[in-house]
Structures are given as C-alpha cells and as structure tokens.
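>>> attaching a predicted model along with its sequence, questions to come.
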Amino acid sequence: MAARSSRTGAREEGGSRRELIDPADLEAAAQRLGIEQLHAEQEDVLGGVFAGRDVLMVLPTGFGKSACYQIPSMVLPQPVLVISPLLALMRDQEEKLLARDIPVVRLDGTVRGKKRVAAFERIASGGPLLVMTTPETADAPELGEALEKSGISLVAVDEAHCISEWGHDFRPAYRRLGPRLRELGGPPVLALTATATPHVRESIVKTLRMRDPVVVADSPHRDNLAFEVLWCEGDARLRALVRLVRRLRRPGIVYCTTTREVDEVYTILRRFKVPATRYHGKMTAAERNKEQASFMRRGRRSVMIATNAFGLGIDKSDIRYVLHAQGPASLEQYVQEAGRGGRDGRRANAILLFDEANRAVHELLLARSRVRPDQLYRLGSALSAWADEGRAPSLEALALSADMGPRITAALLATLEEAGLVRRQRGVEEIEILCPPDSIEQEARTLASQFERLKREDSRRLDAVAAYADAGRCRAQFLQDYFGEDEGEPCGLCDACLQKSERPSSFFAPIFNPNPPKRKKPRSGKGRGRGRGRGQGQRGEGQRGEGQRAEGRSGESRRGGRRRRGGRAASAQGSDEAKTQTHEAGADGASVDGARRRRGRRGGRRRGRRGGRGRPRGDPRNESNDEPRPEGDGACTMVRVN
C-alpha cells in the first residue's frame with residue numbers, strides 16, 4: 001500500500017512537472033549535451049517523462065535515446081536511475097558527461113573500495129544526478145538505502161528487449177527488475193530499446209509492470225539507408241566483398257560472424273592496400289582500443305572489420321556503408337548494426353552478402369552459447385535436494401549430485417545467480433540458495449522453460465533472415481512489417497525498389513592484385529664472393545649432381561657457399577693452401593678470414609648471376625608466396641593475388 005501511495009504521489013507531483021519545467025531549462029540542458037535541436041520523438045518521450053507517465057521508447061539506433069534520460073537528470077530535483085547491461089557504454093557515457101561537467105555516478109561490479117563508498121554517499125545526498133548501474137548491482141541493499149534517502153525521479157531501463165525470452169538477447173537478470181522497482185517505491189519508468197517485435201513489447205510492459213505507458217515508436221530504421229542483398233556462395237562471397245569495399249565510399253564497417261573470418265578479411269584487404277582496422281573479442285583490450293581509436297579518428301576514412309562486439313556506443317556520424325559478410329543471427333541484430341551507418345542524415349548503404357550455408361554456423365554458435373534446458377532442470381533438482389537437507393553444497397558436490405561436469409555446473413550456476421536464485425561469494429566454497437527450498441526447483445524449471453522458448457525463437461529468427469533475403473518487395477517495408485509497424489510507402493532506395501539487375505558473372509570472378517609486393521632487387525655481384533673461398537665445392541656438388549662440378553682456378557669449385565668443416569677438398573692444391581694459411585694465422589684467425597675475403601673477391605661465385613640466391617630461373621623456391629593463406633576449405637581461390 002505504501003508503494004502504491006508513493007507511486008501515486010510521484011504521479012501527482014509529476015503531473016505538475018510540465019508546468020514547473022521551464023522550456024529554457026530544457027533547451028539549456030540539451031545544449032550542454034551538444035544537441036541543437038531535439039527530434040520530435042525525443043520531445044514526445046520527454047513530455048511523457050515530465051508528466052510522470054511510464055514511457056516505452058522504441059526508436060532505431062542513432063535517434064538519441066540516451067538524451068531522453070540524460071536531460072531529465074539535469075532538470076528533475078531527484079536522481080535518475082539508469083539500468084543497463086552494457087559496461088563499456090556506461091563508461092563511455094560517464095567520461096563524456098564528466099567532461100561536460102554533468103553530475104553522474106557509475107556503479108557496477110568494477111567499482112570497489114573507497115570509490116564504491118563514495119558513490120553511495122553521493123547518491124544519498126540527492127539532487128539532480130544521473131546514476132548508472134547494472135541489473136545485478138541494482139539489487140544491492142546499499143543502493144536501495146541510498147536511493148531511499150535521496151528519492152528517485154525516474155528509472156530508465158536501457159536495452160529493455162533483454163527482459164523478454166521472445167527477444168534475441170534474453171538476460172535472466174532482467175527478470176528481477178519488476179519486483180525491484182516495487183521495492184524502490186514504483187517511480188515512473190522509461191523503457192528504451194532500438195528493436196522490439198509486438199511480443200517483446202508486451203513482455204516489457206508486463207515484466208516492468210508499466211501502467212498505461214506512452215508508446216513512442218517509429219520505423220526500425222532510418223529512411224536514408226539503402227538496403228541491398230547479394231546472393232553469393234562459397235568463394236564468390238569474398239570476391240564480391242573485396243570489390244564492394246574497394247568501390248564504396250569510406251568510412252565503412254564490415255561485420256563478420258567469427259573472429260577467424262575477421263582476420264582473414266582484414267589480411268586480404270590489407271594486401272589490396274585498403275586502409276583497414278579490425279576488432280574482435282580474441283584481441284587484447286589494448287589492441288581493441290588502439291584499432292577503435294584509429295577508426296574513430298576524425299577525418300580518417302578507413303574500414304573496420306569486426307564481429308558484433310564492435311559498435312555499442314560508437315558515435316561516428318559519417319559511416320557511409322555497413323556490409324555484412326554473412327547473414328546475421330536475427331533481423332533485430334541486423335537492423336541495429338545497419339543503423340550505425342548514415343547518422344549524419346546522408347545516404348548510406350546497408351548490404352548483406354547472403355549464403356544459405358551460413359545458417360549452420362549460426363546454429364552452432366547459438367547451441368554453444370545458449371543454456372540447455374535439460375541441464376538446468378537437473379541442476380534445479382539437485383539444489384532442491386540439498387536445500388531439503390538444510391545444507392549448502394560446494395561446486396564439486398553439486399556437480400556430482402547433478403551428474404554433470406564442474407565446468408558446466410559453474411556456467412549454469414552463473415545463470416541462476418544472474419536470476420537471483422543462488423549466490424556465490426569469493427573465497428567461500430559453499431553455494432547459498434536464496435529462495436525457499438520448496439521453490440528452488442520450480443524457479444529453475446521456469447527459467448529453463450524460458451530458455452527453451454528462446455531456443456525455438458532462435459530458429460524462427462533465422463527463418464526471418466532468409467525470408468528477408470528472398471523478399472521480392474521493398475526491404476524497408478518488410479522490416480517494418482516484421483517489427484509490427486505500418487508499412488508506409490516504399491523507400492525508393494533499396495535494390496527491390498530500384499529493380500537492380502543481377503550482378504554480372506565477372507563481379508564474382510577471381511581478383512588479381514594490381515599492387516603486388518615489390519621483390520627485392522638482387523644486389524650487384526661486386527663483393528658477393530666474400531666469405532666464400534675456393535676449394536669448397538661440396539655444396540655445388542650436392543646441387544649439381546655427381547660428376548658435374550664446375551672446375552675453377554686450380555681445379556677448385558666456382559660454386560659459392562660457406563666452407564664445410566670436415567668436408568672433402570676440391571683439390572689437393574686448395575687443401576694445402578688452406579693448411580698453410582691456417583698455420584700462419586696461429587691462434588688468431590684474422591689472417592684466415594682476410595685470406596677468405598681476398599679469395600672471394602678474386603674467384604668466388606657471384607650470387608644473383610642466374611637469378612635468386614644461386615638458384616636457376618624457374619625454380620619454384622624463387623617465387624614469393626603472395627597469396628593469402630586461408631583457414632577454410634577452398635578459400636584460397638576467393639581472391640587470387642599475383
């Protein structure tokens with residue numbers, strides 16, 4: 001009842017906020033963020049927020065969703081709480097806001113010790129403040145106490161599609177947000193996402209317990225994106241990619257499914273003198289930061305080759321194309337990534353190279369990353385048995401009870417911990433069960449059923465990607481229909497609207513490198529005989545065959561090469577001469593070396609006379625290996641380099 005009255009009080013107070021907020025203050029807050037003019041959709045969202053209403057905001061990437069909670073944090077009298085799963089994005093926003101002297105506090109698992117204590121104290125002091133945290137840290141009792149002292153003007157839930165198992169990025173930690181918001185007194189809620197199908201929208205409203213929300217939604221993509229799909233299989237896909245990257249205006253982004261593909265495409269483009277950078281999870285943090293900084297540098301027109309790990313929080317407005325080297329795992333992912341192009345309002349290309357065989361790659365990756373429901377069932381049953389006995393199991397004991405390996409058990413426990421069902425503390429072996437013994441098994445089964453639905457939806461989303469690639473109508477209308485929006489008029493930019501003809505076969509033919517690596521010119525023969533004495537014909541004998549030694553002066557071999565210790569002499573005269581010189585040198589070998597150099601200048605064979613390093617022309621060992629070394633089957637013919 002108290003929570004309800006607090007909610008009512010917030011709404012009553014919020015109902016007069018529209019009159020209390022001076023438009024000049026809003027304009028000043030926007031200008032502090034560098035925003036000259038708000039979009040109409042942003043104004044609608046802010047209007048609902050300042051009226052104390054719940055708001056569901058579904059707008060494409062690049063529409064400035066973050067401004068819709070940053071501006072209220074500067075205007076409203078109490079802190080604005082932002083809950084987001086993206087640590088890197090929160091760090092980036094914190095740095096930018098602090099640089100503009102805007103009050104902000106970041107609170108997540110990486111903030112510890114004195115900094116964490118100082119953060120709680122700053123939150124408790126109240127006033128206009130933006131508090132950014134993660135779903136896991138939002139449950140911290142210390143945060144609840146600090147917010148109880150300061151009060152809350154607004155709770156913004158970023159990436160709200162993670163709440164729903166119908167979405168492409170379900171996270172169990174979001175399941176706890178509904179009850180947690182009730183504990184915080186039920187403040188107004190702003191849910192933000194770039195993509196949400198009708199099913200996902202319903203789940204967001206239901207889970208967050210949003211009451212009569214204002215829904216601000218628009219087309220899932222901007223109208224300056226020119227969508228295109230190229231069907232290409234096998235080797236032709238990389239050939240088409242190289243041709244497109246060389247022809248399209250830069251800067252651009254090329255998304256690949258695997259890190260291996262990123263490295264391969266990056267290597268090939270560098271061979272063709274394309275200024276390229278790369279980004280994936282197997283690189284070190286320092287390498288990723290360096291490559292990202294190079295790509296983001298103002299005025300630099302390069303190409304970023306990356307997995308879907310790249311792009312969150314990237315604010316580069318002049319990206320002219322986004323090219324997907326393989327079909328994505330979902331249209332939600334595709335629209336978000338394609339939306340990183342053309343943020344300056346100018347035309348940008350969104351090109352998909354589609355091969356039906358790529359589906360198997362996504363199915364394998366999804367099977368590895370998704371939780372297996374049957375294993376979650378077994379773990380829940382084992383936890384229930386331990387809870388009935390009133391004991392806390394260790395990881396090894398629980399793994400034995402569930403008949404699973406320790407690594408799988410640890411991974412499943414992380415999922416249960418994210419859902420708030422168990423807790424593992426550092427330095428403590430025992431696993432603490434947080435829910436009643438009679439409900440732990442049922443809670444685990446409920447969570448497992450959500451992952452089962454997610455698994456079915458993964459297959460449906462892959463079907464939708466194939467249907468998009470095969471669509472014969474406006475691709476923008478297809479996407480609007482998929483996301484539950486009114487189709488509207490054809491875009492007039494996509495390949496279907498322009499009725500583009502199929503690419504000629506030459507577009508997929510092998511490509512020859514116009515700028516092959518320059519071979520080192522052979523050095524002149526002058527002085528080439530240094531260090532190679534006469535009477536050393538063993539190497540020449542081995543390469544020419546027996547009985548074919550070239551006779552030099554006094555019967556010595558004219559073949560160059562180092563002197564073989566212990567080898568047979570080419571002639572008795574050469575052997576005696578070497579012995580004499582060695583005796584004259586004594587313990588100091590300088591005179592021997594000097595004699596070798598003199599002989600080398602007189603009669604040593606000059607390498608390079610016949611090309612290569614003493615090898616005849618046409619010898620395959622003289623040819624430079626300029627072709628890329630691919631890691632996949634048949635990839636060596638994707639791009640032929642001479």
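Arrived safely, thanks for sending.

>>> tell me the gap between stretch 232-239 and the middle of its chain.
23 Å (Cα atoms, centre = their mean, to the nearest Å).

>>> buried set for it?
232, 234-239 (16 or more other Cβ atoms under 10 Å). For glycine as for every other residue, the C-beta is placed from the backbone atoms N, C-alpha and C.

>>> part of a strand, is Ala350?
Yes: counting by DSSP: H, G, I helix; E, B strand; the rest coil, Ala350 is found in a strand.

>>> surely it meets Arg320?
No: the criterion here is Cβ atoms under 8 Å, and Ala350 misses it with Arg320 at 10.7 Å.

>>> who has more neighbours out of the two?
Ala350 (25 against 18; other Cβ atoms under 10 Å).

>>> so what secondary structure elements neighbour the longest helix seen in the chain?
Longest helix in the chain, counting residues (DSSP state H): helix 440-470. Using 3 or more Cβ pairs under 8 Å, 6 or more residues apart in numbering; DSSP states H and E, the elements in contact with helix 440-470 are strand 225-231, helix 331-338, strand 348-354, helix 358-369, helix 373-388, helix 406-418, helix 475-482.

>>> switch the cut-off to 10 Å
strand 225-231, helix 331-338, strand 348-354, helix 358-369, helix 373-388, helix 406-418, strand 422-423, helix 475-482 (3 or more Cβ pairs under 10 Å, 6 or more residues apart in numbering; DSSP states H and E).

>>> find the nearest non-adjacent residue to the most centrally placed residue in the chain, please.
Among the residues of the chain, the one closest to the centroid is Ala309, at 1.5 Å (Cα atoms, centre = their mean). Leaving aside its sequence neighbours, Ala309 sits nearest to Gly281 (Cβ to Cβ, 6 or more residues apart in numbering; 5.2 Å).

>>> neighbours around the one you found, how many?
12.

>>> quick one, phi/psi of it?
phi -70, psi -20 (degrees, to the nearest 10).

>>> can you give me the distance of it to Asp235?
27 Å (Cβ to Cβ, to the nearest Å).

>>> for Asp223, see how far away the residue nearest to Leu154 when sequence neighbours are not counted is.
Counting by Cβ to Cβ, 6+ apart, Leu154 lies nearest to Val80, which is 4.7 Å off, once chain neighbours are set aside. For Val80, the distance to Asp223 equals 31 Å [Cβ to Cβ].

>>> higher neighbour count, these two?
Under the criterion of other Cβ under 10 Å, the comparison of Val80 against Asp223 puts Val80 first, with 26 against 15.

>>> and that one, how close does it get to Leu46?
From Val80 to Leu46 the distance is 12 Å (Cβ to Cβ).

>>> ditto for Ala360
46 Å.

>>> same drill for the two, tell me which one is more crowded.
Under the criterion of other Cβ under 10 Å, the comparison of Ala360 against Leu46 puts Leu46 first, with 25 against 9.

>>> assess the claim that Thr446 and Gly380 are in contact.
Yes: applying Cβ atoms under 10 Å, one finds Thr446 in contact with Gly380, separated by 9.3 Å.

>>> and these two? Which one has more around it.
Of the pair Thr446 and Gly380, Gly380 is the one with more neighbours under other Cβ under 10 Å, namely 23 against 14.
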